[in-house]
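Q: Prediction below, plus the sequence it came from.
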Amino acid sequence: MTRILGVDPGRTDPFASVLIDVRDKTIYILGAKFWKNQERYQLVYDDIARIVKEHGVSHVVVEKNSAGDPIAETLKYEYRLPVTAVFTTNTNSKEKKHDTMNKSEMVTWLFQNHNILDWPGHDDEYMSELKKQWAIFGEYHKNKFEAPSGKHDDLMMALMLACYFARLRYLKGPSKDWVVILESELRGDPIEALNKEFEEGKTGLHWTRVR
(Lines give C-alpha, C1' and ligand atoms only; values in the text may rest on other atoms or scores of the structure.)
Protein backbone atom coordinates (compact mmCIF):
# COMPACT_ATOMS: atom_id res chain seq x y z
CA MET A 1 0.00 0.00 0.00
CA THR A 2 1.40 3.38 -1.06
CA ARG A 3 -0.76 6.40 -0.40
CA ILE A 4 -0.07 9.67 -2.19
CA LEU A 5 -1.74 13.03 -1.57
CA GLY A 6 -1.75 15.48 -4.47
CA VAL A 7 -2.09 19.12 -3.40
CA ASP A 8 -2.93 22.07 -5.66
CA PRO A 9 -2.44 25.27 -3.63
CA GLY A 10 -4.54 28.31 -4.37
CA ARG A 11 -4.96 31.91 -3.31
CA THR A 12 -8.06 32.97 -5.23
CA ASP A 13 -8.99 29.48 -6.48
CA PRO A 14 -9.85 26.67 -4.06
CA PHE A 15 -6.98 24.89 -2.31
CA ALA A 16 -7.47 21.26 -3.37
CA SER A 17 -6.22 17.78 -2.51
CA VAL A 18 -6.82 14.25 -3.80
CA LEU A 19 -5.72 11.05 -2.04
CA ILE A 20 -4.79 7.94 -4.02
CA ASP A 21 -3.49 4.48 -3.17
CA VAL A 22 -1.20 2.60 -5.59
CA ARG A 23 -1.48 -1.19 -5.49
CA ASP A 24 -1.04 -3.93 -8.10
CA LYS A 25 -0.53 -1.40 -10.92
CA THR A 26 -3.89 0.18 -10.07
CA ILE A 27 -4.54 3.72 -8.82
CA TYR A 28 -7.34 3.71 -6.25
CA ILE A 29 -8.87 7.15 -5.76
CA LEU A 30 -9.69 7.26 -2.05
CA GLY A 31 -10.94 10.78 -1.50
CA ALA A 32 -10.80 14.46 -2.30
CA LYS A 33 -11.17 17.75 -0.47
CA PHE A 34 -10.94 21.45 -1.19
CA TRP A 35 -10.82 24.56 0.96
CA LYS A 36 -12.24 27.90 -0.15
CA ASN A 37 -11.16 30.04 2.79
CA GLN A 38 -7.48 30.43 1.89
CA GLU A 39 -6.89 33.45 4.10
CA ARG A 40 -6.82 30.99 7.00
CA TYR A 41 -3.89 28.96 5.73
CA GLN A 42 -3.13 27.61 9.19
CA LEU A 43 -6.38 25.64 9.21
CA VAL A 44 -5.64 24.21 5.75
CA TYR A 45 -2.12 23.18 6.81
CA ASP A 46 -3.51 21.54 9.95
CA ASP A 47 -6.13 19.67 7.94
CA ILE A 48 -3.57 18.39 5.43
CA ALA A 49 -1.34 17.22 8.29
CA ARG A 50 -4.36 15.42 9.81
CA ILE A 51 -5.11 13.66 6.49
CA VAL A 52 -1.48 12.54 6.19
CA LYS A 53 -1.46 11.12 9.71
CA GLU A 54 -4.90 9.47 9.64
CA HIS A 55 -4.43 7.82 6.25
CA GLY A 56 -0.77 6.87 6.48
CA VAL A 57 0.25 9.00 3.50
CA SER A 58 3.73 8.22 2.17
CA HIS A 59 4.11 11.18 -0.20
CA VAL A 60 2.58 14.66 -0.43
CA VAL A 61 3.00 16.09 -3.93
CA VAL A 62 2.56 19.88 -4.07
CA GLU A 63 2.50 22.12 -7.15
CA LYS A 64 5.19 24.72 -6.53
CA ASN A 65 4.28 27.26 -9.22
CA SER A 66 3.85 30.81 -7.91
CA ALA A 67 2.34 30.70 -4.38
CA GLY A 68 2.88 26.95 -4.13
CA ASP A 69 6.60 27.09 -3.39
CA PRO A 70 6.37 28.69 0.10
CA ILE A 71 3.37 26.47 0.88
CA ALA A 72 5.38 23.37 0.01
CA GLU A 73 8.23 24.64 2.18
CA THR A 74 5.88 25.21 5.13
CA LEU A 75 4.36 21.73 4.88
CA LYS A 76 7.78 20.12 4.54
CA TYR A 77 9.82 21.95 7.16
CA GLU A 78 7.29 23.24 9.70
CA TYR A 79 4.85 20.32 9.58
CA ARG A 80 7.52 17.69 8.79
CA LEU A 81 5.41 16.15 6.03
CA PRO A 82 6.94 13.96 3.25
CA VAL A 83 6.59 16.68 0.60
CA THR A 84 7.75 16.56 -3.02
CA ALA A 85 7.37 19.91 -4.82
CA VAL A 86 6.59 19.75 -8.54
CA PHE A 87 6.64 22.51 -11.15
CA THR A 88 3.90 22.26 -13.80
CA THR A 89 3.96 23.52 -17.36
CA ASN A 90 2.00 23.28 -20.61
CA THR A 91 5.15 23.62 -22.69
CA ASN A 92 6.72 20.62 -24.38
CA SER A 93 10.47 20.41 -23.84
CA LYS A 94 13.09 17.96 -25.07
CA GLU A 95 14.82 18.32 -21.70
CA LYS A 96 12.94 16.17 -19.19
CA LYS A 97 13.25 17.39 -15.60
CA HIS A 98 12.36 15.11 -12.70
CA ASP A 99 10.52 17.89 -10.87
CA THR A 100 8.48 19.19 -13.82
CA MET A 101 5.09 17.84 -14.89
CA ASN A 102 3.86 18.60 -18.40
CA LYS A 103 0.11 19.01 -17.88
CA SER A 104 -0.80 18.29 -21.49
CA GLU A 105 1.18 15.07 -21.49
CA MET A 106 -0.06 14.00 -18.07
CA VAL A 107 -3.77 14.51 -18.72
CA THR A 108 -3.38 12.60 -22.00
CA TRP A 109 -1.70 9.77 -20.07
CA LEU A 110 -4.61 9.71 -17.61
CA PHE A 111 -7.18 9.50 -20.40
CA GLN A 112 -5.18 6.84 -22.23
CA ASN A 113 -4.80 4.78 -19.04
CA HIS A 114 -8.18 5.46 -17.42
CA ASN A 115 -8.63 1.70 -17.02
CA ILE A 116 -6.04 1.66 -14.22
CA LEU A 117 -8.07 4.18 -12.19
CA ASP A 118 -10.46 2.78 -9.60
CA TRP A 119 -13.10 5.32 -8.52
CA PRO A 120 -15.02 5.01 -5.23
CA GLY A 121 -18.57 3.72 -5.42
CA HIS A 122 -20.05 6.42 -3.20
CA ASP A 123 -19.56 10.16 -3.73
CA ASP A 124 -19.46 13.06 -1.31
CA GLU A 125 -19.52 16.68 -2.52
CA TYR A 126 -15.77 16.66 -3.16
CA MET A 127 -15.70 13.44 -5.16
CA SER A 128 -18.70 14.58 -7.17
CA GLU A 129 -16.84 17.77 -8.04
CA LEU A 130 -13.70 15.81 -8.99
CA LYS A 131 -15.71 13.61 -11.35
CA LYS A 132 -17.30 16.71 -12.85
CA GLN A 133 -13.88 18.24 -13.44
CA TRP A 134 -12.61 14.96 -14.91
CA ALA A 135 -15.46 15.06 -17.45
CA ILE A 136 -14.75 18.60 -18.63
CA PHE A 137 -10.97 18.80 -18.31
CA GLY A 138 -10.33 17.33 -21.75
CA GLU A 139 -11.16 20.60 -23.50
CA TYR A 140 -8.46 20.90 -26.13
CA HIS A 141 -7.25 24.09 -27.79
CA LYS A 142 -3.98 25.80 -28.65
CA ASN A 143 -2.03 22.61 -27.87
CA LYS A 144 -2.94 22.89 -24.20
CA PHE A 145 -5.25 21.06 -21.84
CA GLU A 146 -7.15 23.27 -19.47
CA ALA A 147 -10.61 23.66 -18.04
CA PRO A 148 -13.05 25.74 -20.12
CA SER A 149 -13.49 29.36 -19.10
CA GLY A 150 -15.33 29.70 -15.80
CA LYS A 151 -14.77 26.08 -14.76
CA HIS A 152 -12.57 24.90 -11.90
CA ASP A 153 -9.75 22.41 -12.39
CA ASP A 154 -8.24 22.40 -8.88
CA LEU A 155 -9.21 18.86 -7.88
CA MET A 156 -8.26 17.55 -11.32
CA MET A 157 -4.85 19.16 -10.93
CA ALA A 158 -4.42 17.57 -7.50
CA LEU A 159 -5.30 14.17 -9.00
CA MET A 160 -2.81 14.72 -11.82
CA LEU A 161 -0.04 15.58 -9.34
CA ALA A 162 -0.64 12.44 -7.30
CA CYS A 163 -0.83 10.24 -10.40
CA TYR A 164 2.27 11.90 -11.88
CA PHE A 165 4.30 10.88 -8.83
CA ALA A 166 2.78 7.38 -8.87
CA ARG A 167 3.61 7.04 -12.55
CA LEU A 168 7.25 8.02 -12.04
CA ARG A 169 7.89 6.12 -8.82
CA TYR A 170 5.60 3.09 -8.77
CA LEU A 171 4.13 2.37 -12.20
CA LYS A 172 6.05 0.95 -15.13
CA GLY A 173 7.04 3.71 -17.54
CA PRO A 174 5.74 3.88 -21.11
CA SER A 175 7.59 2.12 -23.88
CA LYS A 176 9.42 4.05 -26.58
CA ASP A 177 6.65 3.18 -29.06
CA TRP A 178 4.01 4.54 -26.66
CA VAL A 179 5.88 7.84 -26.36
CA VAL A 180 5.85 8.21 -30.15
CA ILE A 181 2.09 7.59 -30.18
CA LEU A 182 1.59 10.09 -27.35
CA GLU A 183 3.54 12.85 -29.11
CA SER A 184 1.56 12.19 -32.30
CA GLU A 185 -1.77 12.48 -30.51
CA LEU A 186 -0.73 15.69 -28.79
CA ARG A 187 -0.44 17.21 -32.26
CA GLY A 188 -3.92 15.96 -33.14
CA ASP A 189 -7.24 15.90 -31.33
CA PRO A 190 -7.17 13.53 -28.31
CA ILE A 191 -10.93 13.77 -27.76
CA GLU A 192 -11.48 12.45 -31.29
CA ALA A 193 -8.92 9.69 -30.69
CA LEU A 194 -10.60 8.63 -27.43
CA ASN A 195 -14.04 8.54 -29.03
CA LYS A 196 -12.64 6.43 -31.87
CA GLU A 197 -11.59 3.88 -29.22
CA PHE A 198 -15.15 4.03 -27.84
CA GLU A 199 -16.62 3.36 -31.30
CA GLU A 200 -14.26 0.43 -31.75
CA GLY A 201 -15.43 -1.05 -28.44
CA LYS A 202 -12.05 -0.62 -26.74
CA THR A 203 -13.42 1.58 -23.94
CA GLY A 204 -16.78 2.20 -22.31
CA LEU A 205 -16.43 5.98 -22.16
CA HIS A 206 -17.61 8.54 -24.71
CA TRP A 207 -16.13 12.03 -24.35
CA THR A 208 -18.05 15.25 -24.99
CA ARG A 209 -16.28 18.51 -25.73
CA VAL A 210 -17.51 21.34 -23.50
CA ARG A 211 -17.83 24.69 -25.25
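A: Done, it's in.

Q: R50 looks like it's in a helix, true?
A: Yes. The assignment for R50 by DSSP: H, G, I helix; E, B strand; the rest coil puts it in a helix.

Q: what about it, how many residues close to it?
A: 10 (other C-beta atoms under 10 Å). In short, each C-beta sits where N, CA and C put it, glycine included.

Q: Check what pLDDT it gets.
A: Predicted confidence (pLDDT) for R50: 96.

Q: ok, so what distance separates it from Y79?
A: To Y79, R50 is 10 Å away according to C-beta to C-beta, to the nearest Å.

Q: what's the next secondary structure element after the strand or helix carrying V7?
A: Using DSSP states H and E, V7 sits within strand 2-8. As assigned by DSSP H and E, the chain's next helix or strand after strand 2-8 is strand 15-23.

Q: elements contacting that following strand?
A: Judged by 3 or more C-beta pairs under 8 Å, 6 or more residues apart in numbering; DSSP states H and E, the packing partners of strand 15-23 are strand 2-8, strand 26-35, helix 41-55, helix 154-169.

Q: Quick one: residues contacting L117.
A: Residues in contact with L117 (C-beta atoms under 8 Å, 6 or more residues apart in numbering) are 26-27, 29, 110.

Q: same thing but at 7 Å, please
A: The contact partners of L117, by C-beta atoms under 7 Å, 6 or more residues apart in numbering, come to 27, 29.

Q: do the one 4 residues further on as well
A: By C-beta under 7 Å, 6+ apart, G121 lies in contact with nothing.

Q: before we move on, what about M127?
A: 31-32, 120.

Q: wait, isn't I20 in contact with G31?
A: No. The criterion here is C-beta atoms under 7 Å, and I20 misses it with G31 at 9.0 Å.

Q: what do those two both touch?
A: Common contacts of I20 and G31 (C-beta under 7 Å, 6+ apart): none found.

Q: out of those two, which sits in the more crowded spot?
A: Neighbours were tallied for I20 and for G31 using other C-beta under 10 Å; the higher tally belongs to I20 (28 against 16).

Q: what about that one, distance to T12?
A: Counting by C-beta to C-beta, the gap from I20 to T12 is 26 Å.

Q: Out of the helices and strands packed on strand 15-23, which is closest to N102?
A: Evaluated over these, closeness to N102 peaks at helix 154-169, with 9.2 Å, by C-beta to C-beta.
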